[in-house]
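Undergrad: output the structure for:
(chains A, B, C, D, E, F, G and H)
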Amino acid sequence: MADDPLVIAGREFGSRLILGTGGAGSMALLEQALLAAQTELTTVAIRRMDTGERTGVLDLLARHGIEPLPNTAGCRSAAEAVLTAQLGREALATSWVKLEVVADDRTLLPDPIELLDAAEQLVDDGFTVLPYTNDDPVLARRLADAGCAAVMPLGSPIGTGLGIGNPHNIEMIVSEAQVPVVLDAGIGTASEAALAMELGCDAVLLATAVTRADDPPRMAEAMRLGVQAGRHARLAGRIPRRFWAQASSPARD
Amino acid sequence: MADDPLVIAGREFGSRLILGTGGAGSMALLEQALLAAQTELTTVAIRRMDTGERTGVLDLLARHGIEPLPNTAGCRSAAEAVLTAQLGREALATSWVKLEVVADDRTLLPDPIELLDAAEQLVDDGFTVLPYTNDDPVLARRLADAGCAAVMPLGSPIGTGLGIGNPHNIEMIVSEAQVPVVLDAGIGTASEAALAMELGCDAVLLATAVTRADDPPRMAEAMRLGVQAGRHARLAGRIPRRFWAQASSPARD
Amino acid sequence: MADDPLVIAGREFGSRLILGTGGAGSMALLEQALLAAQTELTTVAIRRMDTGERTGVLDLLARHGIEPLPNTAGCRSAAEAVLTAQLGREALATSWVKLEVVADDRTLLPDPIELLDAAEQLVDDGFTVLPYTNDDPVLARRLADAGCAAVMPLGSPIGTGLGIGNPHNIEMIVSEAQVPVVLDAGIGTASEAALAMELGCDAVLLATAVTRADDPPRMAEAMRLGVQAGRHARLAGRIPRRFWAQASSPARD
Amino acid sequence: MADDPLVIAGREFGSRLILGTGGAGSMALLEQALLAAQTELTTVAIRRMDTGERTGVLDLLARHGIEPLPNTAGCRSAAEAVLTAQLGREALATSWVKLEVVADDRTLLPDPIELLDAAEQLVDDGFTVLPYTNDDPVLARRLADAGCAAVMPLGSPIGTGLGIGNPHNIEMIVSEAQVPVVLDAGIGTASEAALAMELGCDAVLLATAVTRADDPPRMAEAMRLGVQAGRHARLAGRIPRRFWAQASSPARD
Amino acid sequence: MNVLVNGEQWVLPAGSTVADVLERLAVPSTGVAVAMDGAVVPRASWLRTPLRPGALIEVLTAVQGG
Amino acid sequence: MNVLVNGEQWVLPAGSTVADVLERLAVPSTGVAVAMDGAVVPRASWLRTPLRPGALIEVLTAVQGG
Amino acid sequence: MNVLVNGEQWVLPAGSTVADVLERLAVPSTGVAVAMDGAVVPRASWLRTPLRPGALIEVLTAVQGG
Amino acid sequence: MNVLVNGEQWVLPAGSTVADVLERLAVPSTGVAVAMDGAVVPRASWLRTPLRPGALIEVLTAVQGG
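TA: Numbers count the residues shown, from 1 in each chain, chains lettered A, B, ... in the order given. Got it, this is the predicted structure:
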């Protein structure tokens, strides 16, 4: 059934599922998962080149025409994140970046102060900034006001699989968002990806839920279907909730 | 991606979404919704023939090869339900029946005593009985022990759109079910249909959520995708929930 | 602050917390817990007399003027439950009984058919019947119609500590109840006891949550306070839920 | 039953319920509510003196020995909040302040950047700073690291009565807090106040839930009891949650 | 002879059968069921099932529902 | 005469009553109930209720539970 | 000399102090704070703090809130 | 001349450039970025950017993540 494309920074995507590449047990499983997810954009991290060998991930993405989105995973300060973003731009010849500035290893939650600082610097430097943020509607607004191309609030902390901890916050973010809202982190299963879209998100970004599932390609398929299901449900206009029942068959004579 | 068929009473179905026909605003919208849902089995009610005209619903189903499943909607006693089931069998030349025996108009909840009584009589009479029941694991077990071909617990009362009020009960029913479990009633949106499958249900039956949505065909599509998403997610083996985060990118050097 | 007494079968109780005696590690801990709970009615089971010694529990209750309420715990059929109730009446010289007819050891959920059958027999036999039931509003209504003096729906299965699994069902039961509603089973902590009262229950019955807590007397105190808190909150009329904020300080000049 | 006092900045409080004075329909109702709540600390706002008359609230508090805690409600920037805090200190001769820096009128959510900035300035200026913050564990940690005497995360936006939207965040804040955690804003009813304490909060601050209830004094009583109930339940060590049931009566012979 | 068909009073000649009722109603050949006095009258018996005077006849079919 | 008391084989003189069983058990005067062959024997009848040879006697009391 | 007191235009003799404003307002001796041009004027300085012509004076107290 | 390349001590002839490092590493022509002393060295400048003695060189690429 017809649907508008997802548009970020003027660029159209047919898929509303962004699959991260982290955590896959093998390159073969990752490839099957990426294809099952039918994702058009996928995150990669920037790390030291151990040998002269380039890791196979870029070739894999190139082979299937999937756009790599460099992230700044692991950065703890605006300065670290800005340099990592610049290196990603240099390595991948893209001005797009998934901006992450986390506060600690235990929660991997974004540091709101450093995140906003880095976002402002990168926007000034010409980047298309997609920030991983918490679910605070105020921080999301400030990131959008700073010129970010989208806001990517978490459902719950990275890798927890706790789903969307606070749907009310996501609804508040969506209700006033001037840029696309991408639900990022915390999704554990397909119904949660569907819920994210029903709440009004424009897309979902996830990695662990797929790459660490027992059957990554099948979970990728589940997520692809779940995102589409939630998107259509949002557009279709759900029935109101009511306390008492309402018959779906006519009364008997 | 491959999946086993749904098997009820030895009969295979490729679709795990059973769409009820009640509540549709027009026959045209119903037809589009049925096609979008790709359902193979759909419920109909048995009512007085007003004119000599047969309502178009049977022709519509015949045209698309969708099997009609007569229900006993509106019946308040085992006796009423048994007679209505027999009339449905006579009219539609099928021994399958969706058995409903409700206690009142406000909740439309099943009467456990009358329901079990009717189920036992209909099984003895050679019917393939699919009972609409509440989410009590004990009643579900007794219905299965009585020879019902499936059990169809509610998520919440008919038409409320409150989703799955008590997932723990559904999990208990699934964990010991000897027959297929079909989540019936209460679903309001696609993520809830997906959740039903993730909890281990074998199929989902719904009507109001689609027929009374703003855009029934699109919601039917959403439900079809949601059921598939939840089914694949169940088979794929979701990640465990954890309290603290787990990184999806390798540590920085 | 003033509150009406709980009235069951014409008898008044100042306390709305009924504490079961099962699961206590020692008679001393049980005594402290009963006193901290300030309960006026407490359940006991009817079992074989091992030696000529009567267990101390009756003396303990007599010493503190707490009324024993014999239950039919462990009974699987109406016949077993009726005999056990009659023996309890004989042993304790009370016509009150907490009626339990469970279907299996794994869920300890009531068997709706046997439970209603036993309730009808015991009412005919002159008992004041307090049935432990599931959270099905229809079964609750049928038990009340059969002459039970109260209905005691579960929050979740006995001993699970899962709290109130389906608040909507409890609200439906309360909205039409002609007899007192006692939330029985499943409560794990004080906020859940308070919630039960906020939903409109007239009292709470629990045992495991107190007797198996790390500090039973303190948890008994917590439950006593929680039940009172929820009762007052229900009577006080809570504020409506709203999507957007509302200031509690006047606007600045 | 015995409990430790709440200690903030070296000062002990017997009550763990802080009641705000905003929203009361009359001074008489406010007085009854404050007494029923048995609060020892209560928030007031700093506003222009309309006439030469001082509003009665200070006299009311003085009469009952309740400590006024000036807030910076309505401030949108660190500068505004700092000046308002200094005026509150001047007017009430206290160096304690409930720091609020909100981002907009619709959500009344704190602005994380301005809030942290103001907190740092006020700590340097010798204030005992109690910041109203969102439920982000990272911001809570940064406020504590900045020298705040407590952190006061919201349950949900001010005045919404939506309760604790994200218990997992509150648990994360509590698990690493070096200062007392006061659940501030969003509480609608007593069970939610109890839950806040069960999650490990040291106290609860609320106003609207009491002052705008149908019966403010009774709701104040409910909140007092609810906070005590949750506190004792936390200390008592609740039973674990289990999927299957566990009998509270001995097996039958 | 009077019978009640779907709640309406009908007058029919003595000896009329269930089939006569259906003919009058011009019902289609499929998708229909008939009950007389609370019991199903199988299609195969329509022609040879006489109407009982005062009988309650219900003629039913499938409609949208459930 | 053999009877089964709370699951144990007892041998008692012919003509023994329920009261004799309770005396042997030295049960207290309150808080006890007796069933013989699945029916309650009221306290008032203990003295005059003879034991049926082979009877199943249950002597019960209240314990912690529920 | 013109000053703005809580948003209202006041005309005061040259050399007036913060204390003069408070006297005119007949404010109580406690529970009050004063800001001139966005800075707190401590109670101890009220008598010796002259008003700046055109100054913005805010006189504040505690009200129900929060 | 000593430099630190991805954390390892290297000894290189005076006048060596960033390009020399990459040549030694046999890095591919794409998908790589270089930082010297915490600043990016654009690909276009590799040939003409001399290594500072003691410089910290980071050679990076994309890996699975996020």
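Undergrad: phi, psi for the closest residue to A:Gly188 other than its chain neighbours please.
TA: Nearest non-adjacent residue to A:Gly188, counting by C-beta to C-beta, 6 or more residues apart in numbering or on different chains: A:Gly161, 3.0 Å away. (C-beta placed from N, C-alpha, C; glycine too.) Reported as degrees, to the nearest 10, the phi and psi values for A:Gly161 are phi 70, psi 20.
Undergrad: what of A:Glu12?
TA: Here is the backbone geometry of A:Glu12 (degrees, to the nearest 10): phi -100, psi 140.
Undergrad: list the contacts for A:Ala78?
TA: Residues near A:Ala78 by C-beta atoms under 8 Å, 6 or more residues apart in numbering or on different chains: A:101, A:114-115, A:117-118, A:121.
Undergrad: can you put the residues you listed in JSON lines and add neighbour count, secondary structure and distance to chain C?
TA: Output for the contacts of A:Ala78, formatted as JSON lines (neighbours: other C-beta atoms under 10 Å in any protein chain shown; DSSP: H, G, I helix; E, B strand; the rest coil; distance: C-beta to the nearest C-beta, whole Å):
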{"residue": "A:Val101", "neighbour count": "29", "secondary structure": "coil", "distance to chain C": "28"}
{"residue": "A:Glu114", "neighbour count": "20", "secondary structure": "helix", "distance to chain C": "27"}
{"residue": "A:Leu115", "neighbour count": "29", "secondary structure": "helix", "distance to chain C": "24"}
{"residue": "A:Asp117", "neighbour count": "19", "secondary structure": "helix", "distance to chain C": "27"}
{"residue": "A:Ala118", "neighbour count": "29", "secondary structure": "helix", "distance to chain C": "29"}
{"residue": "A:Gln121", "neighbour count": "17", "secondary structure": "helix", "distance to chain C": "32"}
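Undergrad: want to throw those into JSON lines with distance to chain H and pLDDT?
TA: Shown next, in JSON lines, are those (distance: C-beta to the nearest C-beta, whole Å; pLDDT from 0 to 100):
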{"residue": "A:Val101", "distance to chain H": "13", "pLDDT": "97"}
{"residue": "A:Glu114", "distance to chain H": "17", "pLDDT": "97"}
{"residue": "A:Leu115", "distance to chain H": "15", "pLDDT": "98"}
{"residue": "A:Asp117", "distance to chain H": "17", "pLDDT": "97"}
{"residue": "A:Ala118", "distance to chain H": "15", "pLDDT": "98"}
{"residue": "A:Gln121", "distance to chain H": "14", "pLDDT": "98"}
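Undergrad: pLDDT weak spots in chain E?
TA: Within chain E, no stretch has pLDDT under 70.
Undergrad: gap between A:Gly159 and A:Ala209?
TA: 9 Å (C-beta to C-beta, to the nearest Å).
Undergrad: any shared contact partners between those two?
TA: Residues touching both A:Gly159 and A:Ala209 (C-beta under 8 Å, 6+ apart): B:Ile239.
Undergrad: the closest residue to A:Gly56 other than its chain neighbours: neighbour count?
TA: Spatial nearest neighbour of A:Gly56, excluding adjacent residues (C-beta to C-beta, 6+ apart): A:Met27 at 5.3 Å. Using other C-beta atoms under 10 Å in any protein chain shown, A:Met27 is surrounded by 15 other residues.
Undergrad: same deal with A:Arg241?
TA: Using other C-beta under 10 Å, A:Arg241 is surrounded by 12 other residues.
Undergrad: excluding its backbone neighbours, what's nearest it?
TA: A:Arg241 sits nearest to B:Gly161 (C-beta to C-beta, 6+ apart), 4.9 Å away.
Undergrad: do the same with A:Cys201
TA: A:Leu183 (4.5 Å).
Undergrad: which bits of chain E sit near chain A?
TA: Within chain E, the residues that sit near chain A (C-beta under 8 Å from any C-beta of the partner chain) are E:6-7, E:63-66.
Undergrad: which among those gets closest to chain D?
TA: Among the residues of chain E next to chain A, E:Gly66 lies closest to chain D (C-beta to the nearest C-beta), at 32.8 Å.
Undergrad: quick check: phi and psi on the residue in chain E positioned nearest to chain B?
TA: Nearest residue of chain E to chain B (C-beta to the nearest C-beta) works out as E:Gly65 at 2.7 Å. When read as degrees, to the nearest 10, the backbone of E:Gly65 gives phi 170, psi 160.
Undergrad: residues touching it, list them.
TA: Contacts for E:Gly65 (C-beta under 8 Å, 6+ apart) come out as A:248-250, B:20-22, B:43-45, B:47, B:71, B:73.
Undergrad: rewinding a little: restricted to strands, list the residues of chain E next to chain A.
TA: Judged by DSSP state E, the subset of these located in strands is E:63-64.
Undergrad: neighbours of A:Lys98, just the number please.
TA: Using other C-beta under 10 Å, A:Lys98 has 28 neighbouring residues.
Undergrad: wait, E:Ala43 touches B:Ala91, no?
TA: You called it Ala, but residue E:43 is Arg. No: using C-beta atoms under 8 Å, E:Arg43 is not in contact with B:Ala91, being 9.1 Å away.
Undergrad: where do the contact lists of those two overlap?
TA: Listed as contacting both E:Arg43 and B:Ala91 by C-beta under 8 Å, 6+ apart are E:Ala33.
Undergrad: neighbour-wise, which of those two wins?
TA: B:Ala91 (26 against 18).
Undergrad: helix, strand or coil: sort out the more buried one for me.
TA: When classified by DSSP: H, G, I helix; E, B strand; the rest coil, B:Ala91 comes out as helix.
Undergrad: what do you get for A:Leu183?
TA: Per three-state DSSP, the secondary structure class of A:Leu183 is strand.
Undergrad: quick one, what contacts it?
TA: A:152-155, A:164, A:170, A:193, A:196, A:199, A:201, A:203-205.
Undergrad: separate out the buried members of the residues you listed.
TA: Buried subset of the contacts of A:Leu183 (neighbour count, 16 or more other C-beta atoms under 10 Å in any protein chain shown): A:152-155, A:164, A:170, A:193, A:196, A:199, A:201, A:203-205.
Undergrad: so which bits of chain E are right by chain D?
TA: Counting by C-beta under 8 Å from any C-beta, no residue of chain E is near chain D.
Undergrad: residue of chain E nearest chain H, please.
TA: For chain E, C-beta to the nearest C-beta, closest residue to chain H: E:Gly66, 47.0 Å.
Undergrad: secondary structure element for the closest residue to that residue other than its chain neighbours?
TA: Distance criterion C-beta to C-beta, 6+ apart; nearest residue to E:Gly66, sequence neighbours excluded, is B:Thr43 at 3.5 Å. Using DSSP states H and E, B:Thr43 maps to strand B:41-48.
Undergrad: that strand: which residues count as buried?
TA: For strand B:41-48, a neighbour-count test (16+ other C-beta under 10 Å) marks B:41-47 as buried.
Undergrad: now do stretch A:174-185
TA: Along stretch A:174-185, these residues count as buried under the neighbour rule (16+ other C-beta under 10 Å): A:174, A:177, A:179-185.
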